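Undergrad: 3D model of this:
(one chain, ligands or ions: 1)
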Amino acid sequence: MCGIVGIVGNQPVAGRLVDALRRLEYRGYDSAGVAVIENGKLDRRRAEGKLFNLERVLSDSPLDGHTGIAHTRWATHGAPTEDNAHPHFVDGVAIVHNGIIENFSELRDELIADGAKFSSQTDTEVVAQLVARELRNGVEKKAAVQSVLSRLKGAYAIALMFADDADTIMAARSGPPLAIGHGKDEMFLGSDAIALAPFTNQITYLQDGDWAILHRHGAEILDFDGNKVDRQKQISTAATFLVDKGNHRHFMEKEIYDQPEVVSHALAQYVNFNTGLVRDIASSIDFTKMPSLAISACGTAYLAGLVSKYWFERLARLPVEIDVASEFRYREIPLPAEAGALFISQSGETADTLASLRYCKDNGLNIGAVVNTVESTIARESDAIFPIMAGPEIGVASTKAFTCQLTVLAALAIGAARSRGHIDEKQEAELVHHLVEMPRMMSTVLNDIQPQIEELARELSKFKDVLYLGRGTSFPLALEGALKLKEISYIHAEGYAAGELKHGPIALIDEEMPVIVIAPHDRFFEKTVSNMQEVAARGGRIIFITDEAGAAASNLETMATIVLPNVDEIISPMIFALPIQLLAYHAAVFMGTDVDQPRNLAKSVTVE
Ligand code: M6R
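TA: The predicted structure is shown next:
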């Protein structure tokens, strides 16, 4: 989603603002802009498309102010044109905004009736218009902004600056995150600490309902009623992460190949390598007596949760209520207060997941956050944080976060199984042994399958539709395979539980639609093979992703068979995730799409 940066600086800021925007590129955007205050006047440069367009405009026509705000826009209201790109200016007020002003149409009508002229189709401009109207009416800046904030409905983060005051940026948060960075005689503002990492590691996070006035030497933080609030300054670890593609063509490719390493970081956090058992996590969330567990998340994080449902239910005999967060938040699910709840999010800022968390919190549940960004809102609002240790994930398509989420959830499920008395120490040690083997297995698989997958992806990229099938934990994996392929290659793909094939999707089977079957040689294998036979009998082309035992046990003719090593059921979702990620990646490369920032998508979805 949109990215915000601001600097009240002591040297020219335009270049630094654009550098910071680059660190927010991963969030997804379709236009960008930067504005500064120069000699008591606002000036700006904006451009459609990627940041290099903005850089080109800036190199032809540089900006020289020491205070500025900048923005990457992910279009919601109005097309991604230069006119709609932020910053917007109204009578000496400049604004950038992330999120949605839900009552913008009513406010816009009111302003138009009052004589306002709009120069964009955005909801953002109403905020600048409202502030400018207050200032024209003689209200001083702080009071003007506070009164306008009280009129806005929706989820938003905004930054404002004023032509006649080069020592101030004002910022407000109601939903999407904002971080204040403390420098030496300079103050910074950013959508996250990663954007500010080159400038400072001293960060204060605004909480929902905070707004702030930044000056060169500090910041005043207030609530929306105007009362001063105290928010801690903390040392961010974002600066220690390298945001770099290394030798890879895309961040996604790098992140796929990072998995053996990051998964081992996750394991180190949850497994005691000396005892060979899961670390004791009972102090943070106690699975022992809870009658049920609610899990909610979006997209890939939801699918990681869906895999874990199988683990929690089978290993720990813990019933799981799971739904995508956009549904969960409104279902008014009756949840016992003794139940636990897990929210899974790479960014920790996903609006629907956060709303689901708050629903459970209001119902008195014990809340755990499985997050990558431990400084995020979801982490901060939870009783227990379970970091997934994946490091920053820049590619919009989630890969290493998925397998790290699975790793953490597997460890939690094993811990829950032990504390609930459903496995003994020997069984636990056996499961943990398989988890510990996983990074090595991942490295082997990534090295071995790459040439075959690349060739297969070339074939796959010629098709318009693809079906993915799986049973057990391979069912959520089928959904994840379809999600990955469609989001980056734009090939239409659907995932189904293999047993559902006969209940509808079989009607689609012909030689124009490859069927990717994910089937390790597990308890479900024979049944999945029967479904494959049904596909084959109708002339369907099968891409069979299985293990050595599965390949030996099936003699069906396939378009391709990808053979992985035999692994235990507990780690097969993490191992089988690798070919589906690589297949989507290489198909997208053949299709020539923007792999890391696919069209229309945002990395962090901070609005509903
Ligand atoms: O940051 P989150 O994990 O909460 O994000 C959830 C989804 O938006 C995300 O997983 C999305 O589905 C990915 N683009 C999938 O690759």
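Undergrad: list the buried ones in stretch 301-310?
TA: When burial is assessed from 16 or more other CB atoms under 10 Å, stretch 301-310 yields the following buried residues: A301, Y302, L303, A304, G305, L306, V307, S308, K309, Y310. Where you see a C-beta, it was placed from the backbone N, CA and C, and this is true even at glycine.
Undergrad: can I get those in JSON lines including secondary structure and pLDDT?
TA: As requested, those are exported to JSON lines (DSSP: H, G, I helix; E, B strand; the rest coil; pLDDT from 0 to 100):
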{"residue": "A301", "secondary structure": "helix", "pLDDT": "98"}
{"residue": "Y302", "secondary structure": "helix", "pLDDT": "98"}
{"residue": "L303", "secondary structure": "helix", "pLDDT": "98"}
{"residue": "A304", "secondary structure": "helix", "pLDDT": "98"}
{"residue": "G305", "secondary structure": "helix", "pLDDT": "98"}
{"residue": "L306", "secondary structure": "helix", "pLDDT": "98"}
{"residue": "V307", "secondary structure": "helix", "pLDDT": "98"}
{"residue": "S308", "secondary structure": "helix", "pLDDT": "98"}
{"residue": "K309", "secondary structure": "helix", "pLDDT": "98"}
{"residue": "Y310", "secondary structure": "helix", "pLDDT": "98"}
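Undergrad: would you list the residues you listed in JSON lines and tack on distance to A195?
TA: Formatted as JSON lines, these follow (distance: CB to CB, whole Å):
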{"residue": "A301", "distance to A195": "22"}
{"residue": "Y302", "distance to A195": "27"}
{"residue": "L303", "distance to A195": "28"}
{"residue": "A304", "distance to A195": "26"}
{"residue": "G305", "distance to A195": "28"}
{"residue": "L306", "distance to A195": "32"}
{"residue": "V307", "distance to A195": "32"}
{"residue": "S308", "distance to A195": "31"}
{"residue": "K309", "distance to A195": "35"}
{"residue": "Y310", "distance to A195": "38"}
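Undergrad: out of those, who's near the ligand?
TA: Among these, proximity to the ligand is found for A301 (CB under 6 Å from any ligand atom).
Undergrad: between the buried residues of stretch 301-310, which sits nearest the ligand?
TA: Using CB to the nearest ligand atom, A301 is the member of the buried residues of stretch 301-310 that lies nearest the ligand, at 3.7 Å.
Undergrad: once you drop chain neighbours, what's closest to the closest one?
TA: The spatially closest residue to A301, leaving aside those adjacent along the chain, is I344, at 4.2 Å (CB to CB, 6 or more residues apart in numbering).
Undergrad: does that neighbour touch F402 like I think?
TA: No: counting by CB atoms under 8 Å, I344 stays clear of F402, with 9.9 Å between them.
Undergrad: show me the domain layout of the chain.
TA: Annotated domains of the chain cover 3-247, 254-591 [automatic domain parsing].
Undergrad: which bits of the stretch 151-300 of the chain sit near the ligand?
TA: C298, G299, T300.
Undergrad: sorry, back to before: give the residues shared as contacts by I344 and F402.
TA: A301, A304 (CB atoms under 8 Å, 6 or more residues apart in numbering).
Undergrad: residue in the chain with the shortest distance to the ligand?
TA: Counting by CB to the nearest ligand atom, the chain gets nearest the ligand through G299, at 1.9 Å.
Undergrad: before we move on, the earlier item: who's more crowded, I344 and F402?
TA: More neighbours surround I344 than the other of I344 and F402, with 34 against 30 (other CB atoms under 10 Å).
Undergrad: good, we can wrap up now.
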